[in-house]
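>>> build me a model:
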Amino acid sequence: MIYTIENDALRVQINSLGAELWSLWDKRSRTEFLWQGDPLVWPRRAPTLFPVCGRLKNDQYTVSGRTFKLPMHGFARDFEHIALEQDKTSVTFLLGSNNESIKLYPYCFRLYTRFELAEHRLIHSFRVENLNDAEMLFSLGYHTGYKCPFDDSHSIEDYSLIFDEKETPVEILCHDGFLSGEKSVYFENRRCIPLGDELFPASFILSNLKSDFVSLVEKDTGRAIKVSIQNFPHVVFWSAPGKVKFVCIEPWYGLPDPNNTVGRLDQKPGIQKLRPNQHFACKMTIDLGKQEDTINFNEVEQCL
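Predicted structure coming up:
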């Protein structure tokens, strides 16, 4: 079922299947900023990654000597979530452990997903509760795809990713979707990643970031999507190979398996460990509009 929330600036839709962001409509510019899915390119739009982020070797893992099968990015995106409460500008969903989830993941949990509007900002938050008498292992991440170019009059070369501080990020290198065990400095003391079709033969994972936000910026108009990444240990950037039609900005609490993994979930890089009857919470904000207050467009010009 599709749920709608709105205010004077935004109209947002969410699919209860996966509690997946379904539409991000800017009323002022009459523009859809969320990728709308295409089975020939990428059929999803903004899936939730839980209880793993990325690929598992052989699509399986072990807990206490037991082996479980689990697809890439987990199962939360493929389960129906219950809408607990809704008003005009917010909606909260719940996915609880059930007979099907236990076959994939041997923990009892509650995963709350909340969407809330505040002027031109969407606040997308998660809360994970451990209902077990023992420690619970999990990862959690966003996988939001933003339509890019924003319209037919622009090409992907008209856009850049801009951090709000100068960065020297560390790239965690992957091979065929698995961690290679290597890291490298992505660039030094810069804010800008220029976009182009050649940038995405695969995703890239950046860590050691200081910025609170990264923005997807349109050079000539100043239109931007500003995404919060504060406190997330890793941010993944991805698009389907070939001609870029969308860009995913993905704050993660987790990582894919290493190439040489033994498959134990407690040894998985980036895994979160939650004590019994405790909870974990995180949030991502998405701001739409011009970002002149935070972005130096001379720097964007030089970047592009």
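
>>> which stretches of the chain form helices?
Under the criterion DSSP state H, the chain carries helices at the ranges 99-104, 297-303.

>>> just flag whichever of those has the lowest average confidence.
Least confident of the helices of the chain, judged by mean pLDDT, is helix 297-303 with a mean of 54.

>>> hang on, Asn130 packs against Leu137?
No - between Asn130 and Leu137 there is no contact under C-beta atoms under 8 Å: 9.8 Å. Where you see a C-beta, it was placed from the backbone N, CA and C, and this is true even at glycine.

>>> what sits in contact with each of these two?
Residues touching both Asn130 and Leu137 by C-beta atoms under 8 Å, 6 or more residues apart in numbering: 107, 274.

>>> quick one: the strands in the stretch 201-304 of the chain, in order.
Secondary structure of the stretch 201-304 of the chain, counting by DSSP state E, counting those that start in this stretch: strands at 204-207, 213-218, 223-228, 234-238, 246-253, 272-274, 279-290.

>>> who wins for proximity to Ile14 among these?
Closest to Ile14 of the strands of the stretch 201-304 of the chain is strand 279-290 (C-beta to C-beta; 12.9 Å).

>>> quick one: low-confidence parts of the stretch 201-304 of the chain?
The stretch 201-304 of the chain contains residues with pLDDT under 70 at 291-304.

>>> do that again at 80, thanks
Across the stretch 201-304 of the chain, the ranges flagged by pLDDT under 80 are 290-304.

>>> list the contacts for Pro51?
70, 74-76, 105, 107, 109, 137-140 are the contacts of Pro51 under C-beta under 8 Å, 6+ apart.

>>> switch the cut-off to 7 Å
Contacts for Pro51 (C-beta atoms under 7 Å, 6 or more residues apart in numbering) come out as 74, 105, 138-139.

>>> and these, which are buried?
Among these, those classed as buried by 16 or more other C-beta atoms under 10 Å are 74, 105, 138-139.

>>> now distance to Ile286 and pLDDT too, for these, in TSV please.
Formatted as TSV, the buried ones among the contacts of Pro51 follow (distance: C-beta to C-beta, whole Å; pLDDT from 0 to 100):
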residue	distance to Ile286	pLDDT
Gly74	22	98
Tyr105	28	98
Phe138	24	98
Ser139	21	98
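
>>> reformat those residues as CSV; add distance to Asp87.
What follows is those, written out as CSV (distance: C-beta to C-beta, whole Å):
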residue, distance to Asp87
Gly74, 29
Tyr105, 32
Phe138, 29
Ser139, 31
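
>>> and the residue nearest to Asp151 when sequence neighbours are not counted, how many neighbours?
Closest residue to Asp151 apart from its sequence neighbours, by C-beta to C-beta, 6 or more residues apart in numbering: Thr31 at 7.1 Å. For Thr31, the neighbour count with other C-beta atoms under 10 Å is 14.

>>> now do Thr31 against Thr144, distance only.
For Thr31, the distance to Thr144 (C-beta to C-beta, to the nearest Å) stands at 16 Å.

>>> so how many other residues sit close to Asp133?
Neighbours of Asp133 under the rule other C-beta under 10 Å: 8.

>>> got the contact list for the residue nearest to it when sequence neighbours are not counted?
Spatially, and ignoring its direct neighbours in sequence, Asp133 is nearest to Pro276 (5.3 Å; C-beta to C-beta, 6+ apart). Taking C-beta under 7 Å, 6+ apart as the contact definition, Pro276 lies against 130, 132-135.

>>> buried among those? Make that a ChimeraX selection.
ChimeraX command restricting the contacts of Pro276 to the buried ones, with burial defined by 16+ other C-beta under 10 Å:
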select :130,132
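
>>> looking at the contacts of Pro276, which are in strands?
Asn130 (DSSP state E).
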